[in-house]
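Colleague: Just the structure for this:
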Amino acid sequence: MKKLFSTILVLGLMLNGNAYAKTINLECGSQEDFGNMLYVKIDKKNFEIYQPSSANRVIFKTSRLDDYVINTKPRGLDKASTSYDTHLTHWESWDENKYIKDHIYSIGIERVQGYIGIARSTTPWIEGKKEYDFDVYWELPCKTIDKKF
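Modeller: Just a heads-up that it's a prediction; the model follows:
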């Protein structure tokens, strides 16, 4: 009986670890407003955003992924100050120029209502500072998508 229970427990733990292992693909915004449309690909480690109107592609690290919320670790977007894979070809389509190089960004998805929020720090980035307050400046509804091929 102990062996059966321990086998069930071990299998349950192994299967539970894969609960969020699959990739989530989202389309945020609408095709009618192509400038405000995003494609999002999320897994346990990375949170990738692609903006088709400008070919901007930004990768964040996933910090929380559960049934209700998905969040990223905050980061800067200036390529010179980060080791992240960042391809912002049109800075102004992502945010205003006065913020883009000096502020920290974070992204969150509220999974129940299906909204993505892109937030910027309220103060510029300071080396060594760990805590920032954020304001959401871009919010879009999202829906899951399946790739056609």
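
Colleague: moving C-terminal of the helix or strand of the chain with the lowest mean pLDDT, what's the next helix or strand?
Modeller: In the chain, no helix or strand scores lower on mean pLDDT, DSSP states H and E than helix 2-16, which sits at a mean of 40. Going down the chain from helix 2-16, the next helix or strand is strand 24-28, by DSSP states H and E.

Colleague: List the neighbouring strands of that next one plus their orientation.
Modeller: Applying DSSP bridges to the sheet, strand 24-28 is found paired with strand 38-42 (antiparallel), strand 134-144 (antiparallel).

Colleague: Can you give me the buried ones in the first one?
Modeller: Neighbour counts over strand 38-42 (16 or more other C-beta atoms under 10 Å) mark 38-40, 42 as buried. (C-beta placed from N, C-alpha, C; glycine too.)

Colleague: Toward the C-terminus, what is the element adjacent to that strand?
Modeller: Immediately after strand 38-42, counting by DSSP H and E, sits strand 46-51.

Colleague: From the contact counts, what lies against that following strand?
Modeller: Here strand 46-51 touches strand 38-42, strand 56-65, going by 3 or more C-beta pairs under 8 Å, 6 or more residues apart in numbering; DSSP states H and E.
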